[in-house]
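K.L.:
Kindly return the folded structure for what I paste below:
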Amino acid sequence: MSGRSTSILALAATVVLATPIPAAQTTEDSGSPYFVHRDDWAGTMLASRARYQELYQGEDVAMGPWFATAPLPAESFADTKFTDETIELAALDIDGESLWVERPEWTDGEVHQLPKIDSASTYLYRTIDSERAISLTAGFGSDDGIEVWLNGVKVHSKDTPRGAAPNQDRAALNLLQGENRLLIKIYNISGGHAFCFQLERDPLALLWDQMTLEYAAECDRMTGDLPDDSHLDWFRAQTDAAVSPKLLNSVLVEAGIVGGELNRAFKSLCDASTTDDDPRWLDLYENLCLVREAQIKLNEFDMPALRRAIEDLASDYPDQYDEEYLLSLGDFEENMPALKEALVAGNLEPALRATGTIARMEAFRRRALLVNPRLDFEEVFVI
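P.N.:
Here you go, the predicted model:
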């Protein structure tokens, strides 16, 4: 294959790989008691933060020691031997030995290995004493399936073959004032057998999981701009804090926006000492992110390589690549400087028009390269 053909195929492969593929949704609804759904991301974030700050008062809980059974034969994952009402820690097994063995050496947050018995379930039990009614998040890991009951109510169930790791699943534990009974079943299909438990003292991770389910793109942006879990500080911050100005300023600097209405809107909010619960902060943040993402796409657009590819294809396949392709490409090339200027000028409407033009450029590139007669998708393997 010639070097020219290889370059065109490589460029076409890039287009194929860049085409979005819907991701499988596997995460369960987190059930955060602090999540409040509104009509948009900004409204949902603000309402959820207000509820969190109103209801969350910290925690004051005491964890009792773990008690565990030996692995008990189970016909399937659904085969359950106990409910927490039937647990008697002094009970004996058929050999006269203690059925429940205290495991004070088990530390929360670590993976603990259990005896490797196939087709068997190990049961774990402990009490949690709480000074008041409170909802906390618990992280679970299991090898293999897991079911969890709190005060007789099933709060989590997952039948899956896997190795155990911390925080594979999360669930809300709605603790009552006083003693609470926690029962866990770990079902082993075969091979390794283990579990992990960790009570997250601040339930924001669970709230963020649910927020991400509803608004994946917006949450991905915020996580990227406030790394190392500092995005969770936005929920903890008081309304007069400077979290939002810091967040927006980082995007303005990265996008190189020094003027225009977007920059003026930012300065106006800052000069007015606008509180952090004003939705204009997050609305402006979303607009700035759209401009920044359009800049990134535009900078990644290799016009010279696209021109070389189309000219080569038009030379070899004039019937498929008529003059329209080169004329359209010329129009896009001519508009490139104006697009870049619009995206740094800081004015919303021209930036949104530029975003639309970039989308048309991407569609044109995809159409131009994927009608290439050299491509045989029955023989193309994407790795």
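
K.L.:
tell me the secondary structure for the residue of the chain positioned farthest from its centre?
P.N.:
What lies farthest from the middle of the chain is G96; by CA atoms, centre = their mean that is 49.2 Å. Three-state call for G96 (DSSP: H, G, I helix; E, B strand; the rest coil): coil.

K.L.:
Over to the residue positioned nearest the centre of the chain: give its phi and psi.
P.N.:
Computing the C-alpha centroid of the chain and ranking residues by CA atoms, centre = their mean puts T212 first, at 5.2 Å. When read as degrees, to the nearest 10, the backbone of T212 gives phi -70, psi -30.

K.L.:
So what's the residue count around the nearest residue to it once chain neighbours are set aside?
P.N.:
In this structure, T212 finds its nearest non-sequential neighbour in C219, 4.4 Å apart by CB to CB, 6 or more residues apart in numbering. Heads up, the C-betas are built off the backbone N, CA and C, glycines and all. Neighbourhood size, C219 [other CB atoms under 10 Å]: 18.

K.L.:
need the next SSE after the host helix or strand of C219, C-terminal direction.
P.N.:
Per DSSP states H and E, C219 falls inside helix 216-225. From helix 216-225 onward toward the C-terminus, using DSSP H and E, the following helix or strand is helix 233-236.

K.L.:
That following helix - what's its average pLDDT?
P.N.:
The average pLDDT within helix 233-236 is 88.

K.L.:
my read is K246 is in a helix, agree?
P.N.:
Yes. Applying three-state DSSP, one finds K246 inside a helix.

K.L.:
That one and F266: what is the separation?
P.N.:
Going from K246 to F266 by CB to CB, to the nearest Å gives 12 Å.

K.L.:
Between these two, which is the more surrounded one?
P.N.:
Comparing K246 with F266 by other CB under 10 Å, the one with more neighbours is F266, at 23 against 13.

K.L.:
So the more buried one is in contact with S250, correct?
P.N.:
No. Taking contacts as CB atoms under 8 Å, F266 lies outside contact range of S250: 11.4 Å.

K.L.:
Excluding chain neighbours, give the residue nearest to A194 in space.
P.N.:
For A194, the spatially nearest residue (CB to CB, 6+ apart) is A164, at 3.9 Å.

K.L.:
what's near enough to touch the one you found?
P.N.:
V111, G141, S142, D143, G192, A194, F195, C196 (CB atoms under 8 Å, 6 or more residues apart in numbering).

K.L.:
can we see that at 7 Å?
P.N.:
Going by CB atoms under 7 Å, 6 or more residues apart in numbering, A164 touches V111, G141, S142, D143, A194, F195, C196.

K.L.:
Please apply the same query to L226.
P.N.:
W234, L247.

K.L.:
quick one: it from A314, how far?
P.N.:
Counting by CB to CB, the gap from L226 to A314 is 48 Å.

K.L.:
and if you look at L204?
P.N.:
Following CB to CB, the distance that separates L204 from A314 is 56 Å.

K.L.:
Flag the shaky bits of the stretch 151-300 of the chain, pLDDT-wise.
P.N.:
201, 239-241 (pLDDT under 70).

K.L.:
Show me the helices in the protein, by range?
P.N.:
Taking DSSP state H to define them, one finds helices in the chain at 3-18, 41-55, 204-214, 216-225, 233-236, 243-255, 260-271, 279-300, 303-316, 323-345, 348-370.

K.L.:
Could you point out which of those helices sits nearest M63?
P.N.:
M63 lies closest, by CB to CB, to one member of the helices of the chain: helix 204-214, at 18.3 Å.

K.L.:
what's next to the closest one, contact-wise?
P.N.:
Under the contact criterion CB under 7 Å, 6+ apart, helix 204-214 has outside partners 27, 29-30, 32, 34-35, 37, 44, 48, 52, 137, 170, 172, 219, 232, 235.

K.L.:
Which of those residues are buried? Put it as a ChimeraX command.
P.N.:
Of these, the buried ones go into a single ChimeraX selection, burial set by 16 or more other CB atoms under 10 Å:
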select :30,32,34,35,44,48,52,137,170,172,219,232,235
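
K.L.:
quick check, nearest of the contacts of helix 204-214 to G260?
P.N.:
C219 (26.7 Å).

K.L.:
how close does the closest one get to N249?
P.N.:
From C219 to N249 the distance is 20 Å (CB to CB).

K.L.:
Please report how far A42 lies from P373.
P.N.:
From A42 to P373 the distance is 48 Å (CB to CB).

K.L.:
Neighbour count: these two, which is higher?
P.N.:
Between A42 and P373, A42 has the larger neighbour count (other CB under 10 Å), namely 20 against 11.
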